[in-house]
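# Pasting the sequence and the predicted model now:
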Amino acid sequence: MSDHATTAHPSLPGAAHSESAIAARARMKTGHFRLKALIPIVYILFLLLPIYWLVNMSFKTNQEILGSLTLWPQNPTLHNYRVIFTDPSWYMGYVNSIIYVVMNMVISVAVALPAAYAFSRYRFLGDKHLFFWLLTNRMAPPAVFALPFFQLYSAFGLIDTHIAVALAHCLFNVPLAVWILEGFMSGVPKEIDETAYIDGYSFPTFFFKIFTPLIASGIGVAAFFCFMFSWVELLIARTLTVTDAKPISAIMTRTVSASGMDWGVLAAAGALTIIPGAIVIWFVRNYIAKGFALGRV
Amino acid sequence: MEKTWNNKAWFFVLPVLLLVAFSAVIPLMTVVNYSVQDSFGNNQFFWYGADWFREVLTSERFHDALLRNLLFSAIILAIEVPLGILVALAMPKKGIWVPVCLVLMALPLLIPWNVVGTIWQVFARTDIGLLGYTVDALGIDYNYVRNTVDAWVTVVVMDVWHWTSLVVLLCYAGLVSIPDAYYQAAKIDGASRWAVFRYIQLPKMGRVLLIAVLLRFMDSFMIYTEPFVVTGGGPGNSTTFLSIDLVKLAIGQFNIGEAAAMSLIYFLIILLLSWVFYTVMTNAGNDKPMTGGGE
C-alpha cells in the first residue's frame, strides 16, 4: 500500500524525503510481520501436534508404542490399517457412518430448502416463534434426548437401522440447515423472484431453474455442515445402534475398553475418521465461519 | 427486505415441522411424562407430581454438576476468547497463507468428538503420549486419571485445542469485513495499535464475537463425549459435567423419573440461553444490510 501511495503522488513536495521514510517503515513492518506471523504458526503447531502423534502411532507396531517413545516410526508398518480394511466389523463401521450421514444430509437439506425460502421471503402466523423453536433444537443437549430416542425408535422397530440415526440427527441438523440456507437466501434480492413471476415462470420452475443456482453455494455449505455435525456426533448414534448400523466412532470406544488395548489399530481407526472432514474442508474454507454461526456472519 | 404477509408459506414449513416434531416434540413429551411419575418396575407407573423436580433442585449432586459445568464454561471462555482474538488479529489478511491457515485451523473442528477424546487420552498418557511423557520428564507429577487438577487441566486444554479455532474463524470473518478506509483514516489520525483495536476492530467484531461467545458457552454447557472418553467423569466425580451426570443417572442408575426432571430443568436453562442467542442473532445486526431471520 505504501508503494501505491508514492507512485500516486510523485509530484508531492518532499516526495523524496518521504520515500525513504516509507521504505524504513516498510522494513519495520516486515520485521513486525514476522513476529506477528509467529502467533498463528505456534497456534497451528499446537493444533497439529496431537494429530501428528495419532498418525505417528498408527504406523507403529504395538511393541514400539509401548516400548519406547519415538518421534518417528522406526519400523513403519501398515499392519494397523490392514487390520481395519480386512475385518468387516471394523470397516463396516465406516460404511455405516457414511450411510446414515449421507441419508441425514439429504433429508435435512431437502426439507430445509422450502422452509428456509418461506422464512426468508414471507411473514406468516407464528414465523418468529417457529424460527426460535428450531434454534432451541440445535442447542438441545443430546444427553436429554438419548433415552427418549431409544424408546421412540424401539416402538417403531427401528433400532439398529441407519434411518433411525439419520432421523435422530435431524434434531439438530434440520434447524442448522434452515438457518444457514435462510442466511444465504436473504442475500438474494427479492426483485429476482418478482421479475421471474412477471416473466411467467411458475413457482417450481422458478425455484429450481433460477433460484437454486443462485444459492448453490449456500446449499453446499448447508450440506457440508449437516454432514459434519452428523459425522462427529456419537452419543445418539451409539444409543440407537447395536451391531448392524454401528458407527465407526462407537466401534472405536468398544475397542478401548477391550482387554487387548490395541493402540496401533485404535490410532489408525482414529486417523481414518479425520480424513472425510479434511477432504471437504478445502471446498468450504471461506464459509466455515458462516456455517458455524448458523449462516449469520 | 420487505416481506409479504402470506400464511400459505406454512405449506413450505410443514415438512420441517413434521420432521422436527417427530424427532424433538415426541421425545420431549416422553421426558415430561416420566418426570411426573414413579415406577416400581414392571412398567407400572404412578403419579409423582412435582416431587422429582423438588428432589433434583435440592440435590447436592445436581448443584455440584451445575457448578462444575459453569466453572468449566467460564474457564473455557476466559481462555478461548482472548486467544481466539489474538490469533485472528495475527492472521494474514491476504495471500496464499490465508486458505492454508483456515484449513489447518478448522481441522480439529471436524474430528469426531470421541476421536478428539481418544487423541487426548493417548496424547496425555505419561507412558505412550508425547505430552504426558514430556510433562513427566520435566519432573512434574502428572496423572489425569488420578489427580483432579490434572484431569481438569487435560480437559480444558483439550477443549481449547478443539474449539478455539471456532472463535478464530468467526473473529477473522469479522476482521476481514472491515474496509481498508477505516485503517487509513486511523493512520492519518496517528492512532496507536491499541486505539485501532479498541475503536475500530473490536466494535466491528462485536457481533461475531458475541455469536462466538454464545456458541462456545452453549456447546461447553452440553459437553459430553470428549471428557467422557478422557476421564469418564472422574477421578471421583470431579469432571462429571451436567450431560455426563444426566446419562449416569438415566442409563447407569436407571433412575428415569429423576433423570427426566433433571433433563427438563437442563432444557429450560438452555431455552433461556437460546433466547439470548436468538435476540443477538436477529436484532444486533444493524450494521449489516442483510440479516434476515425474524428481523
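Sure, I can see it.
# for chain A, what spans make up the strands?
For chain A, the strands defined by DSSP state E cover A:122-123.
# Low-confidence ranges, it, go.
For chain A, the stretches with pLDDT under 70 are A:1-33, A:253-260, A:297.
# where do the helices sit along the stretch 51-200 of chain B?
B:51-58, B:60-90, B:97-106, B:113-123, B:130-137, B:148-176, B:180-188, B:193-196 (DSSP state H, counting those that start in this stretch).
# Can the fourth one be said to contact chain A?
Yes: for a cut-off given as Cβ under 8 Å from any Cβ of the partner chain, helix B:113-123 has contacts with chain A, namely B:113-115, B:118-123. Glycine gets a C-beta too; all of them are placed from N, C-alpha and C.
# Would you mind measuring from the residue in chain B sticking out farthest from the centre to residue B:204?
Distance to the chain centre peaks in chain B at residue B:188, reaching 41.0 Å (criterion: Cα atoms, centre = their mean). Look at residue B:188 and residue B:204: by Cβ to Cβ, to the nearest Å, they are 18 Å apart.
# Find the closest residue to chain A in the stretch 101-250 of chain B.
Proximity of the stretch 101-250 of chain B to chain A (Cβ to the nearest Cβ) peaks at residue B:110, 2.8 Å away.
# List the contacts of that residue.
A:228, A:231-232, A:274, A:276-278, A:280-281 (Cβ atoms under 8 Å, 6 or more residues apart in numbering or on different chains).
# nearest to residue B:6, of the residues you listed?
residue A:228 (33.6 Å; Cβ to Cβ).
# okay, now that closest one: neighbour count?
Look at residue A:228: counted by other Cβ atoms under 10 Å in any protein chain shown, it has 25 neighbours.
# didn't it look like it was pressed against residue A:277?
Yes: using Cβ atoms under 8 Å, residue A:228 is in contact with residue A:277, at 6.5 Å.
# In space, not sequence, find me the middle residue of chain B.
Short answer for chain B (Cα atoms, centre = their mean): residue B:219, at 1.7 Å.
# same check, this time on chain A
Most central in chain A (Cα atoms, centre = their mean) works out to residue A:228, at 3.8 Å.
# residues touching that residue, list them.
With Cβ under 8 Å, 6+ apart, residue A:228 has these contacts: A:277, A:280, B:109-110.
# Switch the helices of the stretch 51-200 of chain B over to JSON lines, and while doing so, append mean pLDDT to every line.
What follows is the helices of the stretch 51-200 of chain B, written out as JSON lines (pLDDT from 0 to 100):
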{"stretch": "helix B:51-58", "mean pLDDT": "82"}
{"stretch": "helix B:60-90", "mean pLDDT": "92"}
{"stretch": "helix B:97-106", "mean pLDDT": "88"}
{"stretch": "helix B:113-123", "mean pLDDT": "89"}
{"stretch": "helix B:130-137", "mean pLDDT": "87"}
{"stretch": "helix B:148-176", "mean pLDDT": "91"}
{"stretch": "helix B:180-188", "mean pLDDT": "89"}
{"stretch": "helix B:193-196", "mean pLDDT": "89"}
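# Return the most buried member of these.
helix B:113-123 (a mean of 26; mean count of other Cβ atoms under 10 Å in any protein chain shown).
# Give me the helices and strands touching that one, please.
helix A:15-58, helix A:248-257, helix A:263-281, helix B:130-137, helix B:148-176, helix B:225-231 (3 or more Cβ pairs under 8 Å, 6 or more residues apart in numbering or on different chains; DSSP states H and E).
# Give me the distance between the last one and the centre of its chain.
Right, the one you point to is helix B:225-231. 15 Å (Cα atoms, centre = their mean, to the nearest Å).
# Could you do the third one as well?
On the basis of Cα atoms, centre = their mean, the separation between the geometric centre of helix A:263-281 and that of its chain is 14 Å.
# And that helix, what does it pack against?
Using 3+ Cβ pairs under 8 Å, 6+ apart: helix A:263-281 touches helix A:15-58, helix A:62-67, helix A:79-86, helix A:88-121, helix A:216-232, helix A:248-257, helix B:113-123.
# Can you give me the domain boundaries for chain A?
According to automatic domain parsing, chain A comprises the domains A:2-47, A:83-292.
# Tell me which of those domains sits most buried.
Of all those, domain A:83-292 has the most neighbours on average by mean count of other Cβ under 10 Å, namely a mean of 20.
# How far does it sit from its chain's centre?
On Cα atoms, centre = their mean, the centre of domain A:83-292 falls 9 Å from the chain's centre.
# what about that domain, start to end distance?
36 Å (Cα to Cα, to the nearest Å).
# same question, stretch A:198-207
14 Å.
# Can you check which residues contact both of residue A:228 and residue A:277?
With Cβ under 8 Å, 6+ apart, residue A:228 and residue A:277 have common neighbours B:109-110.
# Distance of residue A:227 relative to residue A:114?
Taking Cβ to Cβ, one finds residue A:227 at 20 Å from residue A:114.
# Repeat that for residue B:221.
Taken as Cβ to Cβ, the span from residue B:221 to residue A:114 is 32 Å.
# what's the answer for residue A:70, then?
In terms of Cβ to Cβ, residue A:70 sits 56 Å off from residue A:114.
# Which residues lie in contact with the nearest residue to residue B:225 once chain neighbours are set aside in this structure?
Nearest non-adjacent residue to residue B:225, counting by Cβ to Cβ, 6 or more residues apart in numbering or on different chains: residue B:113, 3.9 Å away. Applying Cβ under 8 Å, 6+ apart to residue B:113 gives the contacts A:232-234, A:249, B:225-226.
# now swap in residue A:285 and tell me
B:99, B:102-103, B:106 are the contacts of residue A:285 under Cβ under 8 Å, 6+ apart.
# now with 10 Å?
By Cβ atoms under 10 Å, 6 or more residues apart in numbering or on different chains, the residues touching residue A:285 are B:98-103, B:105-106, B:169.
# Quick check on it: phi, psi?
Torsion angles at residue A:285 (phi, psi; degrees, to the nearest 10) stand at phi -50, psi -30.
# Skip the chain neighbours and tell me the closest residue to it.
Residue A:285 sits nearest to residue B:102 (Cβ to Cβ, 6+ apart), 4.6 Å away.
# Was I right to think that neighbour contacts residue A:282?
Yes: with contact defined as Cβ atoms under 10 Å, residue B:102 and residue A:282 form a contacting pair (9.4 Å).
# Would you check how far apart the residue nearest to residue A:231 when sequence neighbours are not counted and residue A:251 are?
Excluding the flanking residues, the one nearest residue A:231 by Cβ to Cβ, 6+ apart is residue A:101, at 5.2 Å. To residue A:251, residue A:101 is 15 Å away according to Cβ to Cβ.
# just residue B:243 next, same as before
22 Å.
# Quick check: the gap between the residue nearest to residue B:133 when sequence neighbours are not counted and residue A:252.
Leaving aside its chain neighbours, residue B:133 sits nearest to residue A:69 (5.3 Å; criterion: Cβ to Cβ, 6+ apart). As for residue A:69, its distance to residue A:252 is 23 Å (criterion: Cβ to Cβ).
# Next, residue B:38: secondary structure please.
Recorded secondary structure, residue B:38: strand (DSSP: H, G, I helix; E, B strand; the rest coil).
# Provide the partner residues of it in its beta bridges.
residue B:46 (DSSP bridges).
# residues contacting it?
By Cβ under 10 Å, 6+ apart, the neighbours of residue B:38 are B:44-49, B:51-52, B:255-258.
# Pull out the buried members of those residues.
B:48, B:52, B:255-258 (16 or more other Cβ atoms under 10 Å in any protein chain shown).
# Make TSV from those residues and add secondary structure to it.
Formatted as TSV, these follow (three-state DSSP):
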residue	secondary structure
B:48	coil
B:52	helix
B:255	coil
B:256	helix
B:257	helix
B:258	helix
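# Need the residues you listed in JSON lines (columns: distance to residue B:281).
Listed next are the buried ones among the contacts of residue B:38 as JSON lines, based on distance: Cβ to Cβ, whole Å:
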{"residue": "B:48", "distance to residue B:281": "38"}
{"residue": "B:52", "distance to residue B:281": "34"}
{"residue": "B:255", "distance to residue B:281": "37"}
{"residue": "B:256", "distance to residue B:281": "35"}
{"residue": "B:257", "distance to residue B:281": "35"}
{"residue": "B:258", "distance to residue B:281": "34"}
